[in-house]
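>>> give me coordinates for this.
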Amino acid sequence: MTVTSVMPNLYTADMERAIAFYRDLLGGSQTFATPAEGTPEHVEFRLGDMIVALSRREAVPRQGLPEATTGHPLELVLGCDSTDDTVAALRAAGTPVLVEPHDHFSGHRRAYVADPDGNWIALASRPSA
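Numbering: from 1, shown residues only. Predicted coordinates:
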């Protein structure tokens, strides 16, 4: 068995707000949406070299899964050019900042914000030389 790709799929209570966050604030480029017209049930965005998907919470039971709840079972780590600049732009747009930018033990700058559904987003950048 070989895993050939990974795509996080985040469940959202407010699709339009989540789309605005991942598209407009993080610069994601939409690669797929269904249905194609109107507010989608499921949408996918390319962020850097990966795809992140968003699905409406209401769609979860139709997949045979238990109802999705708010929680923090994962964090989405996004690499960026400047953690400090990204946090400043997100804060200006009203995004909650959970942990201010700091020097992380791994050698990069890290901060945490929350997306519209409370999912933790870690922002990481390499220090400037």
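>>> so what are the domain limits for this structure?
Per the record, the chain has its domains at 1-63, 74-129, by automatic domain parsing.
>>> would a markdown table of those with mean pLDDT be doable?
As requested, those are exported to a markdown table (pLDDT from 0 to 100):
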| stretch | mean pLDDT |
| --- | --- |
| domain 1-63 | 89 |
| domain 74-129 | 90 |
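>>> and the longest helix along the chain, what does it pack against?
Across the chain, the longest stretch assigned as helix under DSSP state H is helix 83-92. Applying 3 or more CB pairs under 8 Å, 6 or more residues apart in numbering; DSSP states H and E, one finds that helix 83-92 makes contact with strand 97-103, strand 109-114, strand 120-125. C-beta coordinates here come from the backbone N, C-alpha and C atoms, glycine included.
>>> of all those, which one is nearest Leu76?
For those, proximity to Leu76 was assessed by CB to CB; strand 120-125 is nearest, at 5.2 Å.
>>> what does the closest one contact?
With CB atoms under 8 Å, 6 or more residues apart in numbering as the test, strand 120-125 has contacts from 72, 74-83, 86-87, 98, 101, 104, 108-115.
>>> run the last query once more with 6 Å
Under the contact criterion CB atoms under 6 Å, 6 or more residues apart in numbering, strand 120-125 has outside partners 72, 75-80, 82-83, 86, 108-113, 115.
>>> before we move on, the earlier item: which residues sit against the longest helix of the chain?
Here helix 83-92 has contacts from Leu25, Cys80, Val97, Pro101, Arg109, Ala111, Val113, Leu123, Ser125, using CB under 6 Å, 6+ apart.
>>> want to throw the domains of the chain into CSV with mean neighbour count?
Formatted as CSV, the domains of the chain follow (neighbours: other CB atoms under 10 Å):
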stretch, mean neighbour count
domain 1-63, 14
domain 74-129, 15
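>>> identify the farthest-apart pair in the contacts of helix 83-92.
Within these, Leu25 and Arg109 form the most distant pair, 18.5 Å apart (CB to CB).
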